[in-house]
Structure formats: C-alpha cells, structure tokens
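Colleague: show me the folded form of this:
(one chain, ligands or ions: 1)
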Amino acid sequence: MKSPVTHAASGRIFNFSAGPGCLPEEVLRQAQHDIWDIDNSGIGIMEHSHRGKVFDKVLAEAEENCRKIGNIPANYKVLFLTGGATSQNFMIPANLLPDDGVAAYLTTGYWAEKTWEESKVYSSRCYEAWDGRPCGHDHCPSDAEIKYGAKPVYVHMCSNNTIYGTQWRNPDGTFRYPKVPDGVPLICDMSSDMYSRPIDVTKFGLIYGGAQKNVGIAGTTFCIIRDDLLKPVRKLPLMLKYETHAKDGSRHNTPPAFAIYVSGLVFKWILAQGGLTRLHRHNEDKAKIIYDVLDSSKFYRGHARPDSRSSMNITFRTPSEQLDELFVKEALKHGMDQLKGHRSTGGMRASVYNAFPVAGCKALADFMREFERTHG
Ligand SMILES: Cc1ncc(COP(=O)(O)O)c(C=O)c1O
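Modeller: Residues are numbered from 1 along each chain as shown. As a prediction, this is how the structure comes out:
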C-alpha cells in the first residue's frame with residue numbers, strides 16, 4: 001500500500017471513520033505498553049485470567065470511572081456486555097416486552113429502523129410514535145411531532161443518528177429528551193454520542209451502545225440499566241437476561257476483557273480532559289469549524305436540519321455524485337481518510353468523535369474551501 005500523507009510526528013493520518021472510530025493517542029500508547037506487560041505483572045492484559053487480581057482492578061476501575069463521568073446513581077447497574085448494540089435490539093424486548101405488550105419506537109434513522117424491526121419478533125402491537133423516513137431522517141422530532149397511542153411499556157430512541165448526522169439537541173448543544181408518557185421508561189441507543197456531552201442518566205431506564213465510537217473499541221457493549229428493569233418479563237436463557245449479567249458483575253462468562261480494559265483507559269482519558277462539560281465544549285467547537293464551511297457555501301449541502309445537527313457525524317454532499325467521489329479521493333491524498341458517506345445515503349460523512357483532533361477539523365475545513373474554489 002502506498003504511504004499516505006501523514007500529520008505530525010506520529011506518522012498517522014486524520015481518521016474520520018464512523019466506527020470503529022479513532023482513539024486518543026494516550027490510550028493507544030498505554031495499551032501498546034500493557035499488551036506486553038500490565039502493572040509489572042510480567043503478563044500482558046490480553047493474557048490475564050478474567051477472574052484474577054489484575055483484571056479485578058481493571059473492571060472495578062472501568063465501572064467506577066464510568067459512574068463518576070456520567071454521575072450514575074446507585075440504583076443503576078453498569079454492565080459490559082457483548083454482541084454489539086445490535087444485540088440490544090432483541091435483548092430489550094426479550095427482557096421488557098410481554099408477548100401482547102406495547103412499546104413505542106422513535107424511528108430517527110437507519111439504526112433506529114433496525115431496532116424497531118426487531119421488536120416485531122416479540123409483539124405485533126408495538127408502534128412508531130415517530131417515523132422519520134418521509135423527511136429522509138433530516139431531523140429529530142419535536143414533542144409535538146411525536147404521537148403516542150396505547151400506553152407503552154417503554155419508549156425507544158437513538159440519541160445520535162450516525163448515518164444521517166442528526167442528534168437530539170437544544171440550540172446550545174445540550175441533550176434534548178423527548179417527552180414520554182408518565183412513568184414510562186425511556187431507552188436510548190447512545191452508541192455514537194455516549195459521553196460526548198453531559199447526560200442526565202435519571203431521565204432513562206436503560207442506556208446502551210457499542211463502545212467502538214466514543215468510549216473504546218468493538219467487543220463490548222455498555223449498558224446502564226435501572227434496577228427495576230433487571231427482572232425479565234419471560235423465561236429466557238441465562239445469557240440473555242440483564243439480571244444474570246448484573247448479578248455476576250459482567251462476568252457470568254469470560255467477558256471481552258481487552259475491550260473493557262480499553263474502555264477503562266478511555267474513561268480515565270475523559271476525566272483527564274476535565275469531564276463531560278469540557279469535552280462537550282470542545283466537541284461543539286470542533287463541529288462548528290466544519291458546519292461554518294457548510295453555512296457559508298452554495299456548493300455543499302448538509303443533510304441534517306440545522307436544529308438537529310450532530311456534533312459527532314457531519315453529513316454533506318457536493319452538487320453531484322461524481323464530485324462527491326472526487327472529494328473523497330482527493331481528501332485521502334491530503335491525509336484525510338474515511339470520509340465517504342454510508343452506502344445508504346451517499347455523499348460524505350465526517351465523524352469527529354471525542355478523540356478526533358481539532359487539527360483534523362481545520363484541515364478538512366481548509367480542504368473543503370479549496371475544493372469548492374477549484375470545482376464550484
Ligand atoms: C447508533 C448506532 N446504533 C447501533 C449501531 C450498531 O452497533 P453494533 O455494530 O455495535 O451492533 C451503530 C453502529 O454504527 C450505531 O451507530
């Protein structure tokens with residue numbers, strides 16, 4: 001493979017991947033060390049028993065820091081599961097939705113559509129309280145747009161729509177929580193904006209996501225679940241019950257030890273950055289660098305409606321598919337990779353998760369202006 005144009009002394013390029021996403025340099029360096037020998041044990045992290053003292057500490061610290069960052073109350077369990085966010089599409093109804101039960105889904109994007117589809121395996125009475133397909137998933141609905149029918153046992157939402165580049169947000173970028181019927185738990189897929197901004201965990205019954213974008217690598221699925229939701233509504237195999245994983249502290253079987261270890265490092269990194277309030281400002285500033293180019297251009301078109309723009313995934317296109325293709329190719333020559341939009345939407349997507357550097361946002365903004373000047 002031909003060497004790409006690199007940035008800085010690290011010899012790496014700007015990675016705009018939507019997931020797995022880029023990791024903080026400090027995390028990668030520490031992992032590099034600990035793969036060989038962690039805590040002077042003479043054994044690497046991937047070779048330790050998941051029931052030994054070294055991993056006890058890794059797991060305990062990961063949970064403790066996860067709780068500290070999110071200010072997670074004591075009546076919520078933090079679980080590190082497997083199977084990706086996609087497995088939650090069946091675990092949630094399997095555990096919470098009775099055979100003839102009703103759950104409401106807010107379908108705001110590609111992943112939310114998949115979550116909704118899977119509910120049908122468990123009950124035919126679920127419904128979409130919002131369907132974003134007719135508007136091309138260009139925004140997250142206002143409370144007035146959400147229509148609840150029969151009272152649901154839970155409401156499911158996706159906080160950041162990775163593919164369309166939309167996010168539930170107030171004008172200052174803080175989290176906007178959809179209205180839910182009184183006493184109904186809100187369940188949220190936070191795969192692509194977990195710990196990118198402050199959240200109020202108490203607004204949710206369950207928060208979950210794959211770690212591989214903002215809080216680690218593929219292999220573990222974080223799950224923050226309120227105690228009263230742990231007991232399943234039906235008979236289930238042990239591995240499918242939240243209750244089992246809560247009772248056994250995420251170690252019912254051999255857990256994804258290395259992935260949990262990396263999440264633990266990312267949590268330490270988030271704390272070292274000053275926590276979520278600081279990180280949130282930083283993420284907003286980074287995204288603004290790119291949105292400013294879109295706003296001042298007649299050449300580029302953003303996909304998301306401005307009031308629902310994601311600070312994590314920025315989606316846009318040029319006037320033609322040929323130019324989109326050229327944009328992606330030329331960007332790579334300038335040391336920026338993974339800018340091609342998802343196969344279902346086309347165009348471009350710049351994913352700028354927590355660990356993505358501000359220098360990369362500036363490089364992309366400069367490149368976009370230059371590309372417009374030469375092709376506009
Ligand atoms: C919002 C969202 N939900 C779910 C998924 C699926 O996650 P996984 O591959 O961990 O199953 C993704 C993956 O990109 C995502 O972005």
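Colleague: what about the helices in the stretch 251-376 of the chain?
Modeller: With DSSP state H, counting those that start in this stretch as the criterion, the stretch 251-376 of the chain has helices at 257-272, 275-295, 321-333, 358-375.
Colleague: in JSON lines: the ones you listed, plus mean pLDDT and mean neighbour count.
Modeller: Bear in mind the C-beta positions are built from the backbone N, C-alpha and C, glycine included. What follows is the helices of the stretch 251-376 of the chain, written out as JSON lines (pLDDT from 0 to 100; neighbours: other CB atoms under 10 Å):
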{"stretch": "helix 257-272", "mean pLDDT": "98", "mean neighbour count": "22"}
{"stretch": "helix 275-295", "mean pLDDT": "97", "mean neighbour count": "17"}
{"stretch": "helix 321-333", "mean pLDDT": "98", "mean neighbour count": "16"}
{"stretch": "helix 358-375", "mean pLDDT": "98", "mean neighbour count": "16"}
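Colleague: nearest to residue 192, of these?
Modeller: Nearest to residue 192, of all the helices of the stretch 251-376 of the chain, is helix 275-295, at 12.1 Å by CB to CB.
Colleague: quick one: the spatially closest residue to residue 232 that is not a sequence neighbour from the ligand, how far?
Modeller: Distance criterion CB to CB, 6 or more residues apart in numbering; nearest residue to residue 232, sequence neighbours excluded, is residue 95 at 4.4 Å. Distance, residue 95 to the ligand, by CB to the nearest ligand atom, to the nearest Å: 17 Å.
Colleague: how many residues are close by residue 112?
Modeller: The number of residues packed around residue 112, counting by other CB atoms under 10 Å, is 25.
Colleague: buried set for the helix or strand where it lies?
Modeller: Assigned by DSSP states H and E, residue 112 belongs to helix 110-119. Neighbour counts over helix 110-119 (16 or more other CB atoms under 10 Å) mark 110-113, 115-116, 118-119 as buried.
Colleague: so residue 225, which state does it fall into?
Modeller: The three-state assignment at residue 225 reads strand, by DSSP: H, G, I helix; E, B strand; the rest coil.
Colleague: which residues touch the closest residue to it other than its chain neighbours?
Modeller: Excluding its sequence neighbours, the residue lying closest to residue 225 (CB to CB, 6+ apart) is residue 206, at 4.7 Å. Residues near residue 206 by CB atoms under 8 Å, 6 or more residues apart in numbering: 92, 154, 185, 187-188, 223-226, 229.
Colleague: so which bits of the protein are right by the ligand?
Modeller: Within the chain, the residues that sit near the ligand (CB under 6 Å from any ligand atom) are 19, 84-86, 111, 158, 162, 189, 191-192, 210.
Colleague: strands - which of those land there?
Modeller: 158, 189, 210 (DSSP state E).
Colleague: bridged to the residue in the stretch 251-376 of the chain that the ligand sits nearest to, which residues?
Modeller: Closest residue of the stretch 251-376 of the chain to the ligand, CB to the nearest ligand atom: residue 313 (8.4 Å). With DSSP bridges applied, residue 313 shows beta-bridge pairing to residue 351.
Colleague: between the contacts of residue 206, which has the most around it?
Modeller: Result: residue 188 is most packed of these (other CB under 10 Å), 28 neighbours.
Colleague: show me where the stretch 1-150 of the chain dips below the pLDDT cut-off.
Modeller: 1-9 (pLDDT under 70).
Colleague: and the strands in it?
Modeller: With DSSP state E, counting those that start in this stretch as the definition, the stretch 1-150 of the chain shows strands at residue ranges 14-15, 76-81, 104-107, 127-131.
Colleague: what's in contact with the longest one?
Modeller: Outside strand 76-81, the residues within contact range by CB under 8 Å, 6+ apart are 59, 62-63, 66-67, 72, 87, 91, 201, 208, 220-227, 230, 242, 245-246, 250, 255-256, 259-260, 263.
Colleague: ok so, going back, hmm, the residue nearest to residue 232 is touching residue 240, no?
Modeller: Yes: Residue 95 lies in contact with residue 240 (CB atoms under 8 Å); the separation is 7.5 Å.
Colleague: run through the residues that contact the closest residue to the ligand within the stretch 51-200 of the chain.
Modeller: The stretch 51-200 of the chain approaches the ligand most closely through residue 84 (2.6 Å), counting by CB to the nearest ligand atom. Listed by CB under 8 Å, 6+ apart, the contact set of residue 84 reads 210, 218, 221.
Colleague: make JSON lines out of the residues you listed and add pLDDT, neighbour count and distance to residue 50.
Modeller: Shown next, in JSON lines, are the contacts of residue 84 (pLDDT from 0 to 100; neighbours: other CB atoms under 10 Å; distance: CB to CB, whole Å):
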{"residue": "210", "pLDDT": "98", "neighbour count": "28", "distance to residue 50": "20"}
{"residue": "218", "pLDDT": "98", "neighbour count": "15", "distance to residue 50": "18"}
{"residue": "221", "pLDDT": "98", "neighbour count": "24", "distance to residue 50": "17"}
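Colleague: of those, closest to residue 347?
Modeller: Nearest to residue 347 among the contacts of residue 84: residue 210, at 23.4 Å, using CB to CB.
Colleague: is it true that that closest one touches residue 85?
Modeller: Yes: contact status for residue 210 versus residue 85: in contact at 4.4 Å, counting by CB under 8 Å.
Colleague: need the residues touching each of those two.
Modeller: 191, 221.
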